[in-house]
Every structure is written in C-alpha cells, then in structure tokens.
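In: Got a predicted structure plus its sequence, pasted below:
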Amino acid sequence: QKIAELEAELVNVNAEPETTELLPVEIKEMSREFFSRYFEVTGVMEALKDAYISPEINGQIQKINVDRGSRVKKGDLILKLNTDLTRKSMEEIETNLELAKRIFTKQEELWKQNIGSELQYLEAKNSMESLEARLATLQKQLEMAHLTAPFSGIIDDIMVKEGELASPGVPLVHLVNLRDMRVSANVSEAYLSSVSKGDLVELRFPSYPELMMKALVTRLGEVISPQTRTFTLEVELENRGEKLKPNMLTSVRIQDYRNDNALVVPSNILRQDFNGTFLFRVDEVDGASKAQKVYVERGITVQDQTMITEGLSAGDLVITKGFNLVSDGTRLRIIQP
C-alpha cells in the first residue's frame, strides 16, 4: 500500500516537469527600424537687425520722438538735434549766394560780349559754386540732425535725455527687430564631417521647455578656433510671436548618424565575457524554447538603445527580461510583456 502511494506521487511529479522547470522570460522580435544619433551644443540667440544708433554730427538733443518699447517703421523720426545754428548759417549763405549768382550772371553776359577779363569771370563763377557747395553741406548737416530708424523694429532703450549733447559714435538709442533671428553655436571640430549647410536641426529653449523648433543650418564657419578647437554654426529662423529674445540660450540638437534599417536592442541585455559581447536568443529545440548564447558586434549606443551590426537577423527573438537568470540551454517559458 505504501509503495502504491509513492508511485502515485511519482506519476504526479513526472507529469509537471515542463511547468516547474521553465524559466519565464520576456522577448523582443528583431526587426529593421529607424535609428539615429544626435549631439547637442549650446547656442546664443541674436537678432539679424539690431543696432545702436548714434548721430553723425555733434549737437544738442532738442526732441526725442519715441519711448522705450515704441514700435517704429523704417524712416520714422527717432530724435532731433538742435539745428538753429545750422539754419542761421544757411540763411546767411543763401543771401550771399543770391548776390553771387547775380554777379556771375552779369560777368557772364560781359564775357560773352568780350568785355572784362577772364579772371573776373572765373572769380565770379568760383564764388558762386563755392557758396553752392557750402549750402549743400549745411543742408546735409541739417538732414543728419534728424535721426531716423534704419529699419522697422522696437525701441529697446534710450540712453540720453532731451537737452544733453550728442556726439558721433556715442549710442543714443537701441533699436531691434525681433522678426528674424539667428542662433550661433560653437561646435567641436570632431563633428566637422557630420554637419553640413542645409542640415535640419532641432532647437530647444530652457526658457520655454515646451517649445521645439526645426530649422536649417544656414552657415558653417570656415575657420577653427585654435583656442577652443571649435567652428561656428549658424541657424536663421523666423520668430513668430516674438517669443525669442536676443542673447537667449538655445540648445541645438544635431543629427550625426542615421540608419533606416538598423537592428536595435536594449543596451542592458548585452553582457561581456572574455570572448566578446553576447546576449541570449530564443531558439526552438525539439519543440521547446531554449536560450542560446549568441555573440554579437555592437554599433553605436544612444541612451539605452544599442545597434547590432553582426550576430542577429530580422525575426530573431532576444530575451529582454529575465536574461540575468538565463544560461546557455535554459528551458524557457515566454510571457507577454
């Protein structure tokens, strides 16, 4: 009776070897997929039209026609210098010029009649032309006293007040147009062969985490800096809504590798021994799923994904979870993730 009971228990044990010995694992079926690698550099935003406006002549500021934040169009009057002295000089020269013209006319008529000397005729002509040139110069100075906007934009800052003296080369007004912007970044010379003019890049902004823009590389610097071993990369873009500001930090994400038919596995399933890099593949042996140790050649790694260049084919099943408990030949039970 005892023997019969033991034989019955033995039958039950032998009936369930498949479930008690199978190691549960999750798998991934290998297929060709898109794989790319990016690198990032930090750039600085600048406006294509950004100017500090200063006068061409000395003068006292008579009137400022704009305020900080004012929008102006090209040709609008920004400020005006005192022109009283110039106008008085012009009035004096205009009076003298009128007399000089009359004298020249008389001398010309006499010269045509062979009356008078040539010297008198030339002196009258030179006097008239000299006054005309001085008048034109004063007219130009009068125009210079009116500072106008060289392009449409926003008055960002006014550095002077009415009544102060203005001098050439000293900025009076800061004018900026935010419509068209440019990002300039320094890129390591190691990526010189990976970037070309016309490449599409991604732009992200720490000030606006939700904002991402794509734009084309418009220019690459021709000289590598001997101090930083970098070259300049420039990207121009349209600033709709004027959210982007000059000197804003920008992250430039540039693609330096692309493969449309890559075999990619999670990086954490790759293991190493003296013979190289390996992973575990699922093979069907005698109707059972077993782990097969497979040596592979790994390519580039991006974040937690690694491209496999040799050792695997499309359709292969690789173990992605439970691989730490697996050895070559382990019987497996595949579970759905």
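Out: Arrived safely, thanks for sending. Numbering: from 1, shown residues only.
In: Residue 291 reaches residue 324, doesn't it?
Out: No: Residue 291 is beyond contact range of residue 324, at 11.7 Å (criterion: C-beta atoms under 8 Å). Every C-beta, even on glycine, is put in place using the N, C-alpha and C of the backbone.
In: between those two, who's got more neighbours?
Out: The neighbour comparison of residue 291 against residue 324 (other C-beta atoms under 10 Å) goes to residue 291, with 23 against 10.
In: quick one: contacts for residue 282?
Out: If you count contacts by C-beta atoms under 8 Å, 6 or more residues apart in numbering, residue 282 has them with 25, 27, 289, 290, 291, 292, 317, 318, 319, 332, 334.
In: Give me the local confidence score for residue 85.
Out: pLDDT for residue 85: 69.
In: Make residue 1 into 29 and carry on from there
Out: New numbering, starting at 29: the last item is residue 113.
In: Buried members of the contacts of residue 310 into PyMOL, please.
Out: Applied in PyMOL, the following selects the buried portion of the contacts of residue 310 according to 16 or more other C-beta atoms under 10 Å:
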select buried, resi 53+55+317+318+319+320+345+346+347+360
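In: is it possible to export the contacts of residue 310 to CSV including pLDDT and distance to residue 100?
Out: Listed next are those as CSV, based on pLDDT from 0 to 100; distance: C-beta to C-beta, whole Å:
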residue, pLDDT, distance to residue 100
53, 91, 70
55, 92, 66
317, 89, 76
318, 91, 78
319, 92, 74
320, 92, 74
345, 93, 68
346, 94, 65
347, 93, 68
360, 89, 74
362, 87, 71
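In: From the contacts of residue 310, pick the one nearest residue 333.
Out: The shortest approach to residue 333 among the contacts of residue 310 belongs to residue 346, at 12.9 Å (C-beta to C-beta).
In: Centre-most residue in the chain?
Out: residue 211 (3.1 Å; C-alpha atoms, centre = their mean).
In: what ranges do the helices span in this structure?
Out: 30-42, 45-49, 112-140, 146-172 (DSSP state H).
In: rank the ones you listed by mean pLDDT and give me the bottom one.
Out: helix 45-49 (a mean of 52).
In: Find the nearest non-adjacent residue to residue 100, please.
Out: residue 177 (4.5 Å; C-beta to C-beta, 6 or more residues apart in numbering).
In: confidence score at the one you found?
Out: 94.
In: residues near it, how many?
Out: So residue 177, with other C-beta under 10 Å, has 21 neighbours.
In: Also the one 5 residues further on?
Out: By the measure other C-beta under 10 Å, the count of residues near residue 182 is 17.
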